[in-house]
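A.B. asks: What follows is a predicted protein model with its sequence.
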Amino acid sequence: MEEQVKTKRAPYWKQIIFVLTAGWIVIWIYRTVLTPIYPIISDYFGGATDAQLGNISSFYFLGYVSMQIPSGLLVDRFGKKKILIPGFLLFGAGTLFVAAASSLPMVFIGSVLAGLGCGTYYGVAYSLTTEYVPADKKSLATAIVNSGTAVGSGLGLVSSSFLVGEGVLPWQYLLIATAVLIVVMLVVFRKVIRGEKIIKQESAAVKSGSSIKDLFKLPMIAAYILYFSTLYTYYLIDTWLPNFLETERGFQGTSIGVASSLVFFTAIPGALLFSRVADKIPHKKTTIIILLEISAAAVLFLTITTSNQTFLIIGIMMYGFLGKLAVEPIIISWLGQFAPKKSIATTYGVFNFFGMSASVIVPSVTGFISDTTGTKVYAFYLAIGIIFFGTLVFYLINTVCQKKEAEAEITEQSC
């Protein structure tokens with residue numbers, strides 16, 4: 001009697017985690033691949049200022065942010081797969097446009113196109129995890145998906161600082177390679193992500209006044225403000241840390257990309273650890289979020305005020321462990337309890353719109369501060385102040401909401 005060995009496929013929610021992680025890797029390779037080589041790009045285009053170089057990222061994020069709310073509405077109306085695949089096609093087209101650019105304005109146009117395409121991804125990704133991942137694994141699953149941002153960032157920074165910074169390849173070749181990866185992801189999305197039937201009556205609920213009101217409950221507003229402050233610092237590091245290390249702290253060549261990538265690689269264990277803790281004690285998520293935000297700001301302050309390269313690297317690693325990638329999965333899963341079930345993608349679109357607005361502002365603002373003062377240290381001070389302000393607002397709003405809930409419970413018991 002012959003035994004038939006059956007190969008079992010992983011549950012759909014696990015497949016989703018794998019695919020979404022890979023998608024973030026590709027997106028973040030594109031986002032970080034140019035930042036370590038800004039001086040080379042400046043020379044290529046005849047000498048660009050820091051503000052102009054910062055605009056490369058700002059225009060990308062302008063496209064990205066402008067798609068957050070529209071893409072969320074589109075996903076809730078037409079389905080995830082029907083929006084994600086065209087979005088990634090546009091992302092690929094924008095990437096190739098930047099690679100073929102002969103002037104900075106062309107780079108800006110390509111950056112906007114790439115940003116518009118990538119702007120469809122966030123709502124799809126976190127509505128899929130919210131919908132399919134078991135409740136007791138949501139924070140951890142989100143952390144795993146977010147680890148793709150860390151891996152992609154590291155790959156982008158190291159590959160460009162070595163291959164382009166050391167003169168092995170022209171910078172355009174890395175963008176072409178990224179376009180190839182985008183095509184691979186399109187094939188994967190097509191095969192793995194399921195189609196879905198959308199009920200028109202449900203999608204219409206997004207347009208109702210009650211649904212719009214649901215998107216701006218006090219706890220959700222607190223999350224939007226906190227996310228903006230978190231991402232302001234993160235995208236300052238993402239776009240300007242390599243240049244800061246080179247021009248103000250004496251790092252050279254491949255060491256720039258390696259040191260910068262430590263932020264992202266040390267974020268992976270931090271995200272997995274704190275997300276698992278948050279899943280174990282879900283009633284303490286607010287406290288964990290606040291502690292992580294304050295700790296990350298304190299570590300960043302100590303990091304930028306030292307001129308010792310060893311202490312600087314340790315500080316970079318600690319910020320990665322405690323910073324955005326560690327706290328974001330907890331904020332996302334915490335927000336999920338307030339999201340209207342009929343418009344999950346729209347909720348995350350609004351959430352990411354407010355957060356990612358920081359990414360549009362910070363590259364150019366930092367470039368302006370650098371051009372004006374001759375240093376980027378003041379830009380880091382500003383970011384640290386924004387983190388403390390956002391965390392304070394988050395704490396105060398949640399304190400008020402908790403008091404109201406407690407008073408409501410007392411009133412119900414007395415009745």
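C.D. replies: Received, thanks. Numbering: from 1, shown residues only.

A.B. asks: Per-residue pLDDT of F394, please?
C.D. replies: pLDDT recorded at F394 is 95.

A.B. asks: Counting neighbours, what do you get for it?
C.D. replies: When neighbours are defined as other Cβ atoms under 10 Å, F394 has 25 of them. C-beta: built from backbone N, CA, C; applies to glycine.

A.B. asks: mind checking the SS state of A101?
C.D. replies: Secondary structure state of A101, per DSSP: H, G, I helix; E, B strand; the rest coil, is coil.

A.B. asks: Let me see the ranges of the helices in the stretch 251-400 of the chain.
C.D. replies: Remark: helices assigned in the stretch 251-400 of the chain by DSSP state H, counting those that start in this stretch are 254-265, 267-280, 285-304, 309-322, 324-336, 344-373, 377-414.

A.B. asks: Could you single out the most deeply buried of those?
C.D. replies: Comparing these by mean neighbour count (mean count of other Cβ atoms under 10 Å), helix 324-336 ranks first with a mean of 25.

A.B. asks: what's that one packed up against?
C.D. replies: helix 138-159, helix 218-248, helix 267-280, helix 285-304, helix 344-373 (3 or more Cβ pairs under 8 Å, 6 or more residues apart in numbering; DSSP states H and E).

A.B. asks: how about these, which one is nearest D50?
C.D. replies: Between D50 and the helices and strands packed on helix 324-336, the shortest separation by Cβ to Cβ is 4.0 Å, and it involves helix 344-373.

A.B. asks: quick one, the closest one and helix 218-248 angle?
C.D. replies: Per axes from the mean of the first three to the mean of the last three Cα atoms, to 10 degrees, the angle that helix 344-373 makes with helix 218-248 is 40 degrees.

A.B. asks: show me what contacts G23?
C.D. replies: G23 is in contact with F88, Y121, A125, G148, M185, F189, counting by Cβ atoms under 8 Å, 6 or more residues apart in numbering.

A.B. asks: where's it, which helix or strand?
C.D. replies: Using DSSP states H and E, G23 falls within helix 12-32.

A.B. asks: immediately after that helix, which helix or strand?
C.D. replies: helix 38-44.

A.B. asks: which element follows that following helix toward the C-terminus?
C.D. replies: According to DSSP H and E, the helix or strand after helix 38-44 is helix 50-66.

A.B. asks: what's the offset of the following helix or strand past that following helix from the middle of its chain?
C.D. replies: Moving toward the C-terminus from helix 50-66, the next helix or strand (DSSP H and E) is helix 68-78. Relative to its parent chain, helix 68-78 has a centroid offset of 18 Å by Cα atoms, centre = their mean, to the nearest Å.

A.B. asks: contact partners of helix 68-78?
C.D. replies: 83, 87, 119-120, 122-124, 127, 198, 202-203, 206, 342-350, 352-353, 356.

A.B. asks: sorry, back to before: which among the helices and strands packed on helix 324-336 is found nearest to W334?
C.D. replies: Once the helices and strands packed on helix 324-336 are compared by Cβ to Cβ, helix 285-304 is nearest, at 4.7 Å.

A.B. asks: returning to that earlier point: and the helices and strands packed on helix 324-336: which comes nearest Y60?
C.D. replies: Of all the helices and strands packed on helix 324-336, helix 344-373 comes closest under Cβ to Cβ, at 8.3 Å.

A.B. asks: and the angle for the closest one with helix 68-78?
C.D. replies: Helix 344-373 and helix 68-78 meet at an angle of 160 degrees, taking the same axes, to 10 degrees as the criterion.

A.B. asks: model confidence over helix 344-373, on average?
C.D. replies: 86.

A.B. asks: packing partners for that helix?
C.D. replies: So helix 344-373, by 3+ Cβ pairs under 8 Å, 6+ apart, packs with helix 50-66, helix 68-78, helix 121-132, helix 218-248, helix 324-336, helix 377-414.

A.B. asks: Pull the contacting residues for the spatially closest residue to V133 that is not a sequence neighbour.
C.D. replies: Spatial nearest neighbour of V133, excluding adjacent residues (Cβ to Cβ, 6 or more residues apart in numbering): A141 at 4.4 Å. Neighbour list for A141: W13, I17, T129, V133 [criterion: Cβ under 8 Å, 6+ apart].

A.B. asks: same thing but 7 Å
C.D. replies: By Cβ atoms under 7 Å, 6 or more residues apart in numbering, A141 lies in contact with I17, T129, V133.

A.B. asks: Return the member of these nearest to F311.
C.D. replies: Nearest to F311 out of the contacts of A141 is I17 (Cβ to Cβ; 36.1 Å).
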